[in-house]
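Student: coords please:
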Amino acid sequence: MHVRFQKLRNHTMDIAKSLMNFESVNKKMVRLKRKVEDLESKEADITMELEEAESSGLKKRRRVVDNWLGRVGNLRNEVQQREEKVRARGCVISNITELLQNDFDRLENEATELLQNGNFAEGLTVEADERGGVSLLTTDLVGQDFETNKSTICEWLRSDESLIVGVYGLGGVGKTTLLEHVNNQLLNPPGISVYWVTASQHCSNSVLRNRIADTVGLHLSKYGEEKKKAAQLARTLGGRRGTVLILDDVWDCFHADELGFPIGLNGFKLILSTRSLELCRKMNCQYTIKVESLSNKEAWELFLEKLRRETSLTPQIEVIARSLVRNCDGLPLGIITMAGCMKGVDDICEWRNALEGMEQSKAAQEDMERVFRVLRHSYDNLKDPTVQQCFLYCSLFPEDYHIRRDELIGYLIDERLIDGRKSIQAKFDTGHTILNKLENVCLLEGGKLYGETRYVKMHDLIRDMAIQITSTSPRFWVEAGVGLEDITDEMWSEDLVRVSLMRNPRLSLPSDASPRCPRLLTLLLNHYSIERIPDCFFMHMNELTVLNLSHNPNIKRLPCLEHLTALRRLDISYTGIAEVPQGIEKLVNLRYLNLDGTSIEKIPHLSKLCHLECLKLFGSRVKVRAEEVSSLRKLDYFSGYFYDTVEFNTYVILRLEDLPNLNDLMEGGTSITSTPSNCIFHSLKEFRVFRCHNMKRLFVHWLLPHLQNLEILWVGDCAQMEEIIGEASNEDEDQEATRIIVLNNLPNLKHVRLENLPELKNFCSTSIVRSNSLEEIHVWNCPKLRRMPLLCEEPNPLPSLQKIEVEEEWWESLQWDPPQTKDLYHPLYLPQGIHNFVLICRKTYMFFLFVNSVPYGKFILFFFSFLYYLKNTSLRPVHQFSSIL
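Tutor: Next up, the predicted model:
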């Protein structure tokens, strides 16, 4: 009796202890989640500020900031995993809850440290060039006056006095190009701090001040009042001896002291470009220079240089071409654009047509109309309405904005400007082709951010022309990045097709706003500080196709979206939204959904979004099930997290095709065990990977035990693939143990095909891989692959192997260890193409027997001649070919 009582008492004590531990874990979990929420808010603010700074191409984030963001992401994921463990296990096992308590203590300490380290007193970014300024990409100067003007301006700016210089002239005459050369010359040799800022039209004082502050690496948000911000900027600019600030494309007069320019202090110099001499005078410029149009001779030389013809123009075409150039009024931008338009044109009829179009539109005599007339001809000459629409779409982005190509093409695809029936890779190829065409005719400028990300941008004058076109039909409303604060009902109209109000950080929407825009296709409201979107806001936008609300951290919820049944692209990434908007299951046409960086935890009715092609959940709290993702038959791109990798057990055939952003098959290390209950891909029999150009390694060693039933492995057209089975993650792992692991895996593998893998160096980093079921090996265009562990170092050929079909040159260059291994496999070797040729011969033989008009004896002679050729070229034993025939 006493023993039973003691056991009951001990059991009761254990339960009580477990309950106490579980309660303690819950409290710590709640406290930790609060800190993580604070951390995520700070992360969202920092991310938005970084994107704003980096979009100019002149700033880059500090490494310490990048490391901090990575640590925040890792912490968030680890907290989610621990939270799931608590929910799943409850309070049953006391020693586990004790371990979780320790985990939560550690995670809370890490969160506290990250919050403290996330202030970044030195700022988030540094200049892309570590000197006091950035050397800019330029085009060659044209004409003697340009060289004279450049030398004169540089001489003024190298003086010790503080001054203001004004450069003025027609739009498109070359003011920006001149100042770009001045910028670069002042930086060489280094010593002077030179900063370039584009003012642009409709730029308010506060917006311009923030742009300048970002360029010099100063964060003004913490200084409160406008006067304090101006004073701090003045101290920063004036604290650097001889600082030169270049303001390009100034439209409005401003007071230097209100902005924070230290005029007269420490040799500070301001140089601005504008279209107005009057503005230079109002700005009290001590020196002014007018940039004149090119002479007829200089204009003709520039036209020929940009035309880039290998042969001379015929005399008849040259007469017309000179008239075209004269109609450009000596404006370099117009001449370059016209040359791009006429490049490669040989038919005199097209030249005459271009001249007639120019002459007919020459009635307008306003300065800007003269420029637009030239640019408009290049637009009209595109002829293809799709290319024209793509060009006009670029005007939705802020002035001088670096538009990432992939982002832009995504918009064009979702607006159906690019054929939606193609594969995702084909659609992007079409998009790049269109953008290349616009670059080639000089309507867009191209470049790369940090040498990697491709972008396009519009010259401000070309953008003005595009906005002028879209003021009538198709109707755009574009006020992107202009400091817009308020919107009234009168600003919306029923004929609007596209609206861009992006990057207006102080913009707010009226509480009862319900725009009537039945034709609206694209609405860009990203990078705001909007706190609330009215419930009736989307009520009358039934044709809306593209909606971008990203980087609005203050938005906590969205109104019901069930009326937006035409929506194809929805981006609410990096917002404060915690729940998927109501009615999302009604968006049956949705192709693109981006929830990156949100607090959303689940997506109800995900399987109903049956047309989804791109799903982004990275950095969010969403976890999905494998069967949900697999039900999305059109999904081409996915980033996010699964509930459990065990769910992959359901797959028998897995194909990964046209996934250019896929880096790894699975993220993580050896944390997945090989026990049957935890195996992934346990049922997988066929695995094919095509055109995944970012993948460098297909498998790691720890994944091989999960592929016991794999029968077919086919990898092709992966431009960066270097290994099929990669190195072990632990460099200290015992090599012999690794060999055994590999040796005992892939027991059912029958067919291996490796095609067009130009960077493939290893099939496996270990020396032995064996599959007693292997029947065929096919290798084509893998020039760097020199060893094949499936064949090497075996005393006997694989018993089931029937054919090794490879290129003859590759077979001869293959390294064997020991060398005699090659002789063992040579009877199975079939040069690529011979197998098909033999089959053709067999069919040809049957054909000759059937057709009486062809002598049978002649075919027999040909047939034995062919066998004799095979024998003497040592391609394959004759008896084997006879058996095939």
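
Student: torsion angles phi and psi at L417?
Tutor: phi -80, psi -20 (degrees, to the nearest 10).

Student: looking at it, it is touching Q389, isn't it?
Tutor: Yes. Taking contacts as Cβ atoms under 8 Å, L417 lies within contact range of Q389: 5.4 Å. (C-beta placed from N, C-alpha, C; glycine too.)

Student: neighbour count for these two, which is higher?
Tutor: Using other Cβ atoms under 10 Å as the criterion, L417 and Q389 rank with L417 on top: 21 against 17.

Student: measure the more buried one to H402 for me?
Tutor: 21 Å (Cβ to Cβ, to the nearest Å).

Student: and for K35?
Tutor: 36 Å.

Student: which residue ranges of the stretch 501-650 of the chain form strands?
Tutor: For the stretch 501-650 of the chain, strands defined by DSSP state E, counting those that start in this stretch occupy the ranges 522-524, 546-548, 569-571, 592-594, 614-616, 623-624, 637-639, 641-642.

Student: check which helix or strand the residue nearest the centre of the chain maps to.
Tutor: Central residue of the chain (Cα atoms, centre = their mean): D406, 5.1 Å from the mean position. Using DSSP states H and E, the element containing D406 is helix 405-414.

Student: CA atoms only: put that helix into PDB for me.
Tutor: In PDB, the C-alpha atoms belonging to helix 405-414 read as follows (Å, rounded to 0.1, in the frame of the first residue of the first chain):
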ATOM      1  CA  ARG A 405      14.000  44.500 -65.400                       C
ATOM      2  CA  ASP A 406      12.500  41.400 -63.800                       C
ATOM      3  CA  GLU A 407      10.100  43.500 -61.800                       C
ATOM      4  CA  LEU A 408       9.000  45.500 -64.900                       C
ATOM      5  CA  ILE A 409       8.600  42.400 -67.000                       C
ATOM      6  CA  GLY A 410       6.400  40.800 -64.300                       C
ATOM      7  CA  TYR A 411       4.100  43.800 -64.500                       C
ATOM      8  CA  LEU A 412       4.000  43.500 -68.300                       C
ATOM      9  CA  ILE A 413       3.200  39.800 -68.100                       C
ATOM     10  CA  ASP A 414       0.300  40.300 -65.600                       C
END
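
Student: next secondary structure after it?
Tutor: Taking DSSP H and E, what comes next after helix 405-414 is helix 424-440.

Student: mind listing what's buried in that next one?
Tutor: Of the residues in helix 424-440, I424, Q425, K427, F428, T430, G431, I434, L435, K437, L438 count as buried by neighbour count, 16 or more other Cβ atoms under 10 Å.

Student: contacts for that helix?
Tutor: Residues external to helix 424-440 that are found in contact with it (Cβ atoms under 8 Å, 6 or more residues apart in numbering): 340, 343, 382, 386-387, 390-391, 394, 405-406, 408-409, 412-413, 418-420, 422, 444-446, 456, 613, 636-637, 658, 660, 691.

Student: now, of those residues, which are buried?
Tutor: Here, 16+ other Cβ under 10 Å leaves 340, 382, 387, 390-391, 394, 405, 408-409, 412-413, 418, 444-445, 456, 613, 636-637, 658, 660, 691 buried among those.

Student: for the strands of the stretch 501-650 of the chain, which one sits closest to S193?
Tutor: Smallest distance to S193 across those (Cβ to Cβ): 35.2 Å, for strand 522-524.

Student: and that closest one, what does it pack onto?
Tutor: Helices and strands touching strand 522-524, by 3 or more Cβ pairs under 8 Å, 6 or more residues apart in numbering; DSSP states H and E, are strand 496-500, strand 546-548.

Student: a markdown table for those strands, including mean pLDDT and mean neighbour count?
Tutor: Formatted as a markdown table, the helices and strands packed on strand 522-524 follow (pLDDT from 0 to 100; neighbours: other Cβ atoms under 10 Å):
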| stretch | mean pLDDT | mean neighbour count |
| --- | --- | --- |
| strand 496-500 | 96 | 23 |
| strand 546-548 | 97 | 23 |
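
Student: wait, a helix at E49?
Tutor: Yes. The assignment for E49 by DSSP: H, G, I helix; E, B strand; the rest coil puts it in a helix.

Student: let me see the contact set for it.
Tutor: L124, H219.
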